[in-house]
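> coords please:
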Amino acid sequence: MQNEQIAPIVTDRLRLVSMSVEFLRSLIAKEFEAAEKTGGFSVPSDCSLPENIWARKRLEMIEEDPEQHPWMFRAIVRNQDNKMVGYISFHHKAPDPDLSEYSDFTVELGYTIGPSYRRNGYAKESAIAMMEWAYREHQVRTFLLTISPDNVPSVRMADSLNFKKIGEWQDPIDGLEYIMRADIDEILETKTAYQDL
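Okay, here's the model as predicted:
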């Protein structure tokens with residue numbers, strides 16, 4: 001599947017734009033001007049994706065299996081000024097084989113909002129939109145988040161989306177993380193207010 005065929009996910013304030021292979025390669029190389037030209041939106045110079053250890057891994061996943069592409073990194077682009085304010089991604093297309101002990105058909109979501117754009121509700125708005133897309137297009141009903149207990153804002157946002165802690169695990173890179181789970185019906189109950197806590 002070519003990136004041009006992957007429609008953006010649109011919310012009231014945001015567009016979740018699938019990152020093309022070319023865009024990802026430019027961003028990983030910190031070639032921000034090339035990335036902006038490819039993406040068609042402004043990329044902040046302090047974007048943390050080039051330092052994200054999963055950027056190259058997910059690029060490889062897309063190249064090996066194009067069906068992964070719609071699930072992978074999307075730029076969170078603010079409609080009002082066409083600026084990328086963060087990025088969001090599932091860890092694997094559904095069903096994620098690493099999550100079979102939690103559900104037969106589930107996916108894990110991750111997201112990052114740039115420091116200058118936090119506490120505007122962008123994380124919650126984009127997370128709900130991504131999970132709605134997975135439910136609408138692929139009938140995914142169960143979602144997982146893994147969050148460091150030290151990341152209090154993300155834990156509080158997960159709580160606000162009706163995610164419940166179901167366990168803990170020791171990530172080899174990130175250390176202790178809470179495993180949090182919610183079903184789509186519980187998540188959609190929270191859709192009325194996009195305000196990060």
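
> Okay, and the nearest residue to residue 25 once chain neighbours are set aside sits in which element?
The shortest distance from residue 25 to any residue other than its chain neighbours is 7.1 Å, reached at residue 59 (CB to CB, 6 or more residues apart in numbering). Yep, even glycine has a C-beta here, placed from its N, CA and C like the rest. Take DSSP states H and E as the rule and residue 59 turns out to sit in helix 54-64.

> Just the buried positions in that helix, please.
Judged by neighbour count (16 or more other CB atoms under 10 Å), helix 54-64 contains these buried residues: 55, 58-59, 61-62.

> and if you look at stretch 13-30?
Buried residues in stretch 13-30, counted by 16+ other CB under 10 Å: 13-21, 23-28.

> Repeat that for stretch 64-80.
For stretch 64-80, by 16+ other CB under 10 Å, it's 68-78.

> So which of the residues you listed is the closest to residue 47?
Looking at those and their distance to residue 47, the nearest is residue 75, at 9.2 Å (CB to CB).

> Not counting its own residues, what contacts stretch 137-151?
Applying CB atoms under 8 Å, 6 or more residues apart in numbering, the external contacts of stretch 137-151 come out as 70, 94, 99, 102-103, 105-110, 131, 134-135, 154-155, 158, 163, 169, 171, 174-185, 187.

> re earlier: so the residue nearest to residue 25 sits against residue 26, correct?
No. If you go by CB atoms under 8 Å, residue 59 and residue 26 don't touch, sitting 11.2 Å apart.

> follow-up on the earlier one: among the buried residues of stretch 64-80, which one lies nearest to residue 7?
residue 70 (8.9 Å).

> Please, where are all the strands along the protein?
With DSSP state E as the criterion, the chain has strands at 9-10, 14-18, 74-78, 83-90, 106-113, 142-147, 164-171, 175-183.

> coming back round to it: mind checking which of the contacts of stretch 137-151 are buried?
By 16+ other CB under 10 Å, the contacts of stretch 137-151 give 70, 94, 99, 103, 106-110, 131, 134-135, 154-155, 158, 163, 177-184, 187 as buried.
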